[in-house]
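Participant: Have a look at this prediction, sequence included:
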Amino acid sequence: MSEVYIQSTTGAEPDALCHLARYTTLRLGGLAARVVTATSADEIVRSVREAGEPVLILAGGSNVVIGDAGFPGTVVLVRSRGVQVVADDAGTVTVRVEAGEPWDDLVAATVANGWSGLECLSGIPGSTGATPIQNVGAYGQEVAETIVGVRVYDRVAGRTTTLAAADCGFAYRSSIFKNSDRWVVLSVDFRLTRSPLSGPIRYAELARALDVEVGDRVPLADARAVVLRLRAGKGMVLDAADPDTWSVGSFFTNPVLDRAAYERLRERAADVGEPPSWPGAEDTVKVSAAWLIDRAGFGKGHPGPDGAVTISTKHTLALTHRSGAARTEDLVALAREIRAGVESRFGVTLHPEPVLINCTL
């Protein structure tokens, strides 16, 4: 599936007041003072330098919530394209991917070429340049496992540079790039394994759907097909005709708790069951945000103000724009209601996964 843009542009729009809802998968967001389109790394750098302050970098718009007030400065639409093999040996291949390359197009190409490492990240909307910012992950894989370098424009130093993966601060759905105005991602290098088989299947749901054991490997095409099917069943593959996909995907991250907090959660949840959990780093425990939301009383389809936004009818982690006429504030109000309800019921604070622009929870 190619990256979906609600409405694309063909060049600069220096004098137009532009509705940012056209450029987000939520179909929400107010006006920008100016929108320009950059189709190469050089154009991205030049556009940022010439924009001054403030400037917003926007690619697929699949992981951003833009407030009703919009953005008062220049929005740079990243539309660069290209995939290049930059290193190659008997066991691995390193590909350099331009920031605006649609992510799922890249994943499809790696599967077709017999390059293993991204197959479980199939169907995720957005651009390749956004993936290190969020350390995108799904079904047991994260991009941090295959990224070897990120080429960036450093707005503080006024120069381009390449950061090694170890310098990117990768963590669960985070990096040094997230919520920072300093770095503009220009391209990403991925080192992938030459293999017709997937990496070890780590995610229990995916293993069940593939009818294999956790830890087994399967043909790359099989892994991709099943991941796409699972994501589509949850409304996580973009479909212009399906309002359940008018979202940013998972709105909240899975909470990561220390052992004491996890035991307190188990006590408070004793009457509704055992919270699904996974071991984390340094004796932490990651728990399911979807389970917490559902058990706190916010089921699939739970409405926000006037029903213009709701929890997805397919997955409790997605907040969706249903009417085509909602406001960002309606969505934020629903997110606040859910966060407050989960905290009141279980004592756990949920944190948003998307980047919030001119709006807050």
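Facilitator: Cool, the structure landed.

Participant: switch to C-alpha atoms for all contacts and neighbour counts from now on
Facilitator: Fine.

Participant: hey, where'd the strands end up in the stretch 151-300 of the chain?
Facilitator: Taking DSSP state E, counting those that start in this stretch, the strands of the stretch 151-300 of the chain run over residues 159-164, 183-194, 256-257, 277-279, 285-287.

Participant: Find the one among those strands with the highest mean neighbour count.
Facilitator: Mean neighbour count (mean count of other CA atoms under 10 Å) peaks for strand 183-194 among these, with a mean of 23.

Participant: Summarise which helices and strands that one is packed against.
Facilitator: Packing partners of strand 183-194 (3 or more CA pairs under 8 Å, 6 or more residues apart in numbering; DSSP states H and E): helix 41-51, strand 92-98, strand 115-116, strand 147-154.

Participant: Same list, the ones you listed, but as CSV with mean pLDDT please.
Facilitator: As requested, the helices and strands packed on strand 183-194 are exported to CSV (pLDDT from 0 to 100):
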stretch, mean pLDDT
helix 41-51, 96
strand 92-98, 98
strand 115-116, 98
strand 147-154, 98
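
Participant: how about the strands of the stretch 151-300 of the chain, which one is nearest Arg27?
Facilitator: Closest approach to Arg27 among the strands of the stretch 151-300 of the chain is made by strand 183-194 (23.8 Å; CA to CA).

Participant: who touches that closest one?
Facilitator: 41, 44, 57, 90-99, 114-117, 128-130, 132, 146-155, 177 (CA atoms under 8 Å, 6 or more residues apart in numbering).

Participant: relative to strand 147-154, how tilted is it?
Facilitator: Orientation note: strand 183-194 sits at an angle of 160 degrees relative to strand 147-154 (axes from the mean of the first three to the mean of the last three CA atoms, to 10 degrees).

Participant: Next up, phi/psi of the nearest residue to Val156 once chain neighbours are set aside, please.
Facilitator: Nearest non-adjacent residue to Val156, counting by CA to CA, 6 or more residues apart in numbering: Arg182, 6.0 Å away. When quoted as degrees, to the nearest 10, the phi and psi of Arg182 stand at phi -70, psi -40.

Participant: if I pick Arg182, what's in contact with it?
Facilitator: Here Arg182 is in contact with 154-156 (CA under 8 Å, 6+ apart).

Participant: Kindly provide the distance from Thr349 to Gly117.
Facilitator: For Thr349, the distance to Gly117 equals 32 Å [CA to CA, to the nearest Å].

Participant: no, scratch that, I was asking about Glu145
Facilitator: Distance, Glu145 to Gly117, by CA to CA: 8 Å.

Participant: which of the two has more neighbours?
Facilitator: The neighbour count for Glu145 versus Gly117, taken as other CA atoms under 10 Å, is higher for Gly117 (26 against 16).

Participant: still on that earlier bit, want to try a markdown table for the contacts of Arg182, with distance to Val256 as columns?
Facilitator: Output for the contacts of Arg182, formatted as a markdown table (distance: CA to CA, whole Å):
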| residue | distance to Val256 |
| --- | --- |
| Asp154 | 31 |
| Arg155 | 32 |
| Val156 | 32 |
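
Participant: Sort out which one of those residues lies nearest Ala32 for me.
Facilitator: Ala32 lies nearest to Arg155 out of the contacts of Arg182, by CA to CA, at 21.1 Å.

Participant: And the closest one, how far from Val214?
Facilitator: Separation of Arg155 from Val214 (CA to CA) stands at 44 Å.

Participant: ok, now Leu317?
Facilitator: Leu317 is 24 Å from Val214, where distance means CA to CA.

Participant: Tell me which of these two has more neighbours.
Facilitator: More neighbours surround Leu317 than the other of Leu317 and Val214, with 25 against 16 (other CA under 10 Å).

Participant: how deep is the closest residue to that one other than its chain neighbours tucked in, by neighbour count?
Facilitator: Of all residues beyond its chain neighbours, the one nearest Leu317 is Ser250 (4.9 Å), with distances taken as CA to CA, 6+ apart. Counted with other CA under 10 Å, the burial measure for Ser250 works out to 19 neighbours.

Participant: now do Pro352
Facilitator: Pro352, neighbours per other CA under 10 Å, totals 15.

Participant: Now do the same contact list for the residue nearest to it when sequence neighbours are not counted.
Facilitator: In space, and not counting its chain neighbours, Pro352 is closest to Phe252: 4.4 Å by CA to CA, 6+ apart. Contacts for Phe252 (CA under 8 Å, 6+ apart) come out as 289, 317, 350-354.

Participant: I'd guessed Ser175 sits against Asn135; true?
Facilitator: Yes. Here Ser175 reaches Asn135: they are 6.5 Å apart, a contact under CA atoms under 8 Å.

Participant: Just give me the neighbour total for Glu101.
Facilitator: 25.

Participant: try Asp306
Facilitator: Look at Asp306: counted by other CA under 10 Å, it has 10 neighbours.

Participant: Next, it: secondary structure please.
Facilitator: Following DSSP: H, G, I helix; E, B strand; the rest coil, the label given to Asp306 is helix.

Participant: if I look at it, how far off is Arg336?
Facilitator: Asp306 is 16 Å from Arg336, by CA to CA.

Participant: Check Leu317 too.
Facilitator: Going from Leu317 to Arg336 by CA to CA gives 13 Å.

Participant: Against Asp244, how distant is Val78?
Facilitator: For Val78, the distance to Asp244 - CA to CA - is 26 Å.

Participant: repeat for Phe346
Facilitator: Between Phe346 and Asp244 the computed distance is 27 Å (CA to CA).

Participant: which stretch in the strands of the stretch 151-300 of the chain has the least confidence?
Facilitator: Among the strands of the stretch 151-300 of the chain, strand 277-279 has the lowest mean pLDDT, at a mean of 91.

Participant: What lies in contact with it?
Facilitator: Residues from elsewhere that reach strand 277-279 (CA under 8 Å, 6+ apart): 285-288.
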